[in-house]
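**Q** got a sequence here, can you model it:
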Amino acid sequence: MNMTRVKRGKTSLKRRKKVLKQTKGFRGGRKSKERQAKTGKTYAYDIKEDRNFLVGEVGEIVYWLPNSHNVLIPSENRILIKDYDGTNEQVVYSGNYVFPYAFPSNSLDKILILTSFGDPGSPSNLYWVGLK
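**A** Numbering: from 1, shown residues only. Reported below is the predicted structural model:
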């Protein structure tokens, strides 16, 4: 007697296709993986994790601090310092200063800014701002 073969697994096949669709872009391992970098944005590459981290958006100014772990990002009326992987973001200066004149120093405890400290009539000067 000749019977047709029973083909099962519609649910399994559907689940498998769903999982493969979700893993798109993560396949291929280290050698052939394409980076998802966007034009105009600033990234930091971590060799240990083999990963790009978004550091700055389009048009943002980004300065590395001397410890090579943090970045300084000056923006209008505030200055941010955050880890290169985007975590631990802290506002280190909030106030009036001449944007974009904020620079890191060679030591980790100071940044250099150009400001008149709120007095619009006086000329701007360079000041060291201490970090703790």
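**Q** select the longest helix from this protein.
**A** Counting residues, the longest helix found in the chain (DSSP state H) is helix 10-22.
**Q** right, and the helix or strand after the least confident helix or strand in the chain by mean pLDDT?
**A** Ranked by mean pLDDT, DSSP states H and E, the helix or strand of the chain with the weakest confidence is helix 29-32, at a mean of 57. In the C-terminal direction, the helix or strand that comes right after helix 29-32 (DSSP states H and E) is strand 42-46.
**Q** what residues does that following strand touch?
**A** By CB atoms under 8 Å, 6 or more residues apart in numbering, the residues outside strand 42-46 that reach it are 37, 51-57, 60, 62, 71, 84-85. For the C-beta atoms, the positions are set from N, CA and C on the backbone; glycine is no exception.
**Q** farthest-apart pair in those residues, please.
**A** Pairwise distances across the contacts of strand 42-46 peak at 20.2 Å for 51 and 60 (criterion: CB to CB).
**Q** looking at those two, which one has more neighbours?
**A** residue 60 (16 against 13; other CB atoms under 10 Å).
**Q** quick one: mean pLDDT for the longest helix of the chain?
**A** Taken as a whole, helix 10-22 has a mean pLDDT of 87.
**Q** same check on stretch 108-122?
**A** 86.
**Q** got the buried residues for that stretch?
**A** Within stretch 108-122, the residues scored as buried using 16 or more other CB atoms under 10 Å are 111, 113, 115.
**Q** now find how far off-centre that stretch is within its chain.
**A** Relative to the mean C-alpha coordinate of its chain, stretch 108-122 is positioned 26 Å out (CA atoms, centre = their mean, to the nearest Å).
**Q** same check on stretch 78-95?
**A** 11 Å.
**Q** list the buried ones in it?
**A** Applying 16+ other CB under 10 Å to stretch 78-95 flags 79-82, 84, 92-93 as buried.
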